[in-house]
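Q: Structure for the following, please:
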Amino acid sequence: MGSVSIMTSHVKEISKSIEEAAEGDFFLEELSRKWNDYKMAIQTIANILIYMDRTYVRKNDKTPIRDLGLNLWRDNVVYSAQIQSQLQNTLVELLHGERIGKVINNKGLIRSIFMMLKYLGDSDYETLLEIRFLEVSAEYFRGESQKLIECCDFSDYIRKVENHLIEEMIRVSHYSDFICGKKIVNVMCKEMIENRIESSLLVTLFLDDRYEDLRNVYMMFSRYVSDGLHKLQKVVRNTSQQFLTDPEKLKDPMVFVQDLLDKKDKYDSILDSSFNNDEQCHAVLNSFFEYIINMNLHSPEFLSLFLDVKLRKGFEGLSAEIILDKVVALIRLLHEKDMFLKYYKKHLAKRLLLGKTASEDAERSLVVKLKRVCGNEFVVLEKMIVDMKTSKEMLQGFYKSHTELSDDRKLSVQVLTSGSWPISRTIHSSCNLPIEVSVLSEKYKSYYLGLHTHKKLSWQVNMGNAEIIATFGNGHKHELHVSTYQMCILMLFNDGDQLSYKDIEKATKINSSDLMKCLHSMVLVKGKNIIKKEPMNGHIGEDDVFFVNDMFKSKFYKIKLETVAAERESKHEKLQTRKNVDEDRRPQIDAAIVRIMKFKKQLDHNNIIEEVIKEVKSLFLPNPTEIKKRIESLIERDYLERDNNDNNLYKYLA
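A: Numbering: from 1, shown residues only. This next block holds a predicted model:
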């Protein structure tokens, strides 16, 4: 009989004696004792035959004595059907029993069995114990979690889960050389934290400002959950989607922006007090706000309208700098900053020209912030503010050189740099000014051109306003704050008691659309109906006849008739603004392509698209289709050419 056969027969006898041993601790004791004896015998034999191992065994590719002995023990003892099942069940039962409060009298015996399994190899340990133990643990933690949820509120639940974690880590520390404590903790966290803390629960915590609970969630995920912060970010992202602004709020600029600011304050507080200012969570929340802002196509206009109201009415005791910083933080997330600039220029122009800004310092501060965040395209806003300062100084010089002018008829002029202001250059902005105003305006024009011989002046009366004193039939006087167009209409009634629509249109030369609006504001607006008409119905018609409302009464001395607040654009105006912005983007894309190609000399189509987006994304996100059109245009104009062999490759033509 060969030596391997003798050893195999001996190991099978050992296996049989272990199988006949009593269950429980006696089974483990018998297994441990037999193992220790066997291990010592194998080691002794290996030491005696060490020379054979080094020569014969290695030369003939045989199994070394020690490995042969371990393989025989594994195959005939540990993996025998009865012993394997009994060993697995006994160890799992003992370990789980300790978890639920049972006392293990001989922990050293368990460690001895663990050592045997580790000695045989990690794969045997995992097969015989770890996989089954983790399955039992997962089932136990799942049940415990359900019990706690049914009897505890969230705060108690988190505290008790943390206690479970501490107890489990202390328990497995006795076998830390063998049981992978990290795997046990991962199983526990999956069943008691990940699978229980869902988006719906976080929504409740967010809504109720439960910062302490949120902090506990963050600590749990960051300390105990495998890849916990990444998983928490996913939960936060899903939670954020449930905070999408109410569709009704998307329609009101003030409500929409204020709602975003309030939510941003809440999220910033959570980041600071609960999430330890975690950068990754911060990025997740920022992406959420970026999504909401750009989801609403009206955001560029709404943000500008919100700022317009604040800068006209003031900040109601709150710090202007803080509010402006918060709004600018939202503007930073806009994909269409150039669209915002279009609207903001219009609204800023109206505030400056009508003198309706609450704080010049706030206006200047905001322009600096916008330029810092959005780039040099916003420098044009600074030029608008400089124009107002220069105009004020120029006006002071004008009146010093014309001391003969009386105080009751004063002209205020703002000289605006062409190209810096959103000014229409169409003929519709002209009208016939009253003689009292036209004389003053001609004097100012002569004075200005006398100082600036190479410049031109063109009057934009549609953007002006006036203050006039009106005396009504009852002798009451009122100071009327009106637009220049409204002034031109009202001054006509100094020379006639009643005027037809055609008379007013012919005398003022105001275009019909603006004339209708002006008459509507003075005839049909309750409390400001200083003019009456025949027939007296709800609209202005070309056959109407107008006369001063001698019975007009108001408890206010000053009556404001002009529209001061920036208004939302009509559908037609929005389309025109979009068209203007698209036209402005084309030369910017062209310039970006030329700069890139001048440096790179040649690029394929996809790389050009990528480089152009990088170049202009601080102002807007161009559509790849539009970039392709601009490339074709540059090829037609001989700035670029296609490679002869590759239509997808472009070359720069110097």
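Q: all strands for the stretch 551-654 of the chain, in order.
A: For the stretch 551-654 of the chain, applying DSSP state E, counting those that start in this stretch gives strands covering 558-560, 602-604, 640-642, 649-652.
Q: between those, which gets nearest to residue 62?
A: Closest approach to residue 62 among the strands of the stretch 551-654 of the chain (CB to CB): strand 602-604, 61.2 Å. Heads up, the C-betas are built off the backbone N, CA and C, glycines and all.
Q: and the next element down the chain from the helix or strand that contains residue 165?
A: Residue 165 belongs to helix 154-173 when elements are defined using DSSP states H and E. Per DSSP H and E, the first helix or strand lying C-terminal to helix 154-173 is helix 181-189.
Q: quick one: average confidence on that following helix?
A: What helix 181-189 shows for mean pLDDT is 77.
Q: between it and helix 154-173, how big is the angle?
A: If you take axes from the mean of the first three to the mean of the last three CA atoms, to 10 degrees, helix 181-189 sits at 150 degrees to helix 154-173.
Q: Residue 157: what's it in contact with?
A: By CB atoms under 8 Å, 6 or more residues apart in numbering, the contact set of residue 157 is 148-149, 196.
Q: try it again with 7 Å
A: 148-149 (CB atoms under 7 Å, 6 or more residues apart in numbering).
Q: buried stuff in the lengthiest helix in the chain?
A: Across the chain, the longest stretch assigned as helix under DSSP state H is helix 571-600. Within helix 571-600, the residues scored as buried using 16 or more other CB atoms under 10 Å are 577, 581, 584-585, 588-590, 592-593, 596-597.
Q: about what we covered before: mind checking the strands of the stretch 551-654 of the chain for the one nearest to residue 450?
A: Among the strands of the stretch 551-654 of the chain, if distance is taken as CB to CB, the winner is strand 558-560, at 35.7 Å.
Q: can you give me the offset of the closest one from its chain's centre?
A: 43 Å (CA atoms, centre = their mean, to the nearest Å).
Q: cool, and stretch 631-644?
A: Distance, stretch centre to chain centre, for stretch 631-644: 38 Å (CA atoms, centre = their mean).
Q: Could the C-alpha coordinates of it be exported in CSV?
A: Taking Å, rounded to 0.1, in the frame of the first residue of the first chain, the C-alpha atoms of stretch 631-644 are listed here in CSV:
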residue,chain,number,x,y,z
ILE,A,631,-18.1,76.1,-39.6
GLU,A,632,-19.8,75.9,-43.0
SER,A,633,-20.1,79.6,-43.1
LEU,A,634,-16.4,80.1,-42.3
ILE,A,635,-15.5,77.5,-45.0
GLU,A,636,-17.6,79.6,-47.5
ARG,A,637,-15.7,82.7,-46.4
ASP,A,638,-12.3,81.0,-46.8
TYR,A,639,-11.4,81.0,-43.1
LEU,A,640,-11.3,77.2,-43.0
GLU,A,641,-11.1,74.3,-45.5
ARG,A,642,-11.8,70.6,-45.4
ASP,A,643,-9.0,68.1,-45.7
ASN,A,644,-8.9,66.5,-49.2
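Q: Show me what counts as buried in it.
A: Those buried within stretch 631-644 under the rule 16+ other CB under 10 Å are 631, 634, 639-640.
Q: So of the residues you listed, which two are at opposite extremes in space?
A: Maximum distance among the buried residues of stretch 631-644 (CB to CB): 9.4 Å, for 631 and 639.
Q: quick revisit: tell me the mean pLDDT for the longest helix of the chain?
A: pLDDT averaged over helix 571-600 gives 86.
Q: what phi and what psi does the backbone show at residue 537?
A: phi -130, psi -170 (degrees, to the nearest 10).
Q: Near it, how many other residues are there?
A: 10 (other CB atoms under 10 Å).
Q: ok, residue 590 - contacts?
A: 630, 634.
Q: Would it be right to say that residue 470 lies in a helix?
A: No. Read with DSSP: H, G, I helix; E, B strand; the rest coil, residue 470 is strand and lies in no helix.
Q: helices and strands around the host helix or strand of residue 143, which ones?
A: Here residue 143, judged by DSSP H and E, is contained in helix 131-151. If contacts are counted by 3 or more CB pairs under 7 Å, 6 or more residues apart in numbering; DSSP states H and E, helix 131-151 sits against helix 81-99, helix 154-173, helix 181-189.
Q: which one among the buried residues of helix 571-600 gets closest to residue 130?
A: Using CB to CB, these come closest to residue 130 at residue 596, 57.0 Å.
Q: Do I have it right that the closest one meets residue 609?
A: No. Under the criterion of CB atoms under 7 Å, residue 596 makes no contact with residue 609, lying 10.5 Å away.
Q: returning to what we had before: among the helices and strands packed on helix 131-151, which is nearest residue 259?
A: So among the helices and strands packed on helix 131-151, helix 154-173 is nearest, using CB to CB, at 26.3 Å.
Q: circling back to that earlier point, mean neighbour count, the helices and strands packed on helix 131-151: which tops it?
A: helix 181-189 (a mean of 19; mean count of other CB atoms under 10 Å).
Q: hmm, back to that, what is the nearest of the buried residues of helix 571-600 to residue 18?
A: residue 596 (77.6 Å).
Q: Spit out the contact partners of the closest one.
A: 608, 611-612, 615.
Q: top of the residues you listed by neighbour count?
A: residue 608 (25 neighbours).
Q: would you turn the buried residues of helix 571-600 into JSON lines with distance to residue 529?
A: Shown next, in JSON lines, are the buried residues of helix 571-600 (distance: CB to CB, whole Å):
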{"residue": "577", "distance to residue 529": "33"}
{"residue": "581", "distance to residue 529": "39"}
{"residue": "584", "distance to residue 529": "42"}
{"residue": "585", "distance to residue 529": "45"}
{"residue": "588", "distance to residue 529": "48"}
{"residue": "589", "distance to residue 529": "51"}
{"residue": "590", "distance to residue 529": "53"}
{"residue": "592", "distance to residue 529": "54"}
{"residue": "593", "distance to residue 529": "57"}
{"residue": "596", "distance to residue 529": "61"}
{"residue": "597", "distance to residue 529": "63"}
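Q: Quick one: the helices in the stretch 151-300 of the chain, in order.
A: For the stretch 151-300 of the chain, helices defined by DSSP state H, counting those that start in this stretch occupy the ranges 154-173, 181-189, 199-207, 211-224, 228-241, 253-273, 279-295, 299-313.
Q: Residue 68: which of these is closest?
A: When the helices of the stretch 151-300 of the chain are ranked by proximity to residue 68 (CB to CB), helix 181-189 comes first, at 31.8 Å.
Q: Can you give me the domain boundaries for this structure?
A: Per the TED database, the structural domains of the chain span 1-203, 206-388, 464-560, 571-652.
Q: Out of these, which is the most enclosed?
A: domain 206-388 (a mean of 17).
Q: Quick one: end-to-end length of it, please.
A: Using CA to CA, to the nearest Å, the end-to-end distance of domain 206-388 comes out at 46 Å.
Q: One more: stretch 328-335?
A: Stretch 328-335 has an end-to-end distance of 13 Å (CA to CA).
Q: Show me the contact partners of that stretch.
A: Contacts for stretch 328-335 (CB under 7 Å, 6+ apart): 260, 286, 289-290, 293-294, 299-300, 303, 337, 340, 369-370, 373-374, 620-621.
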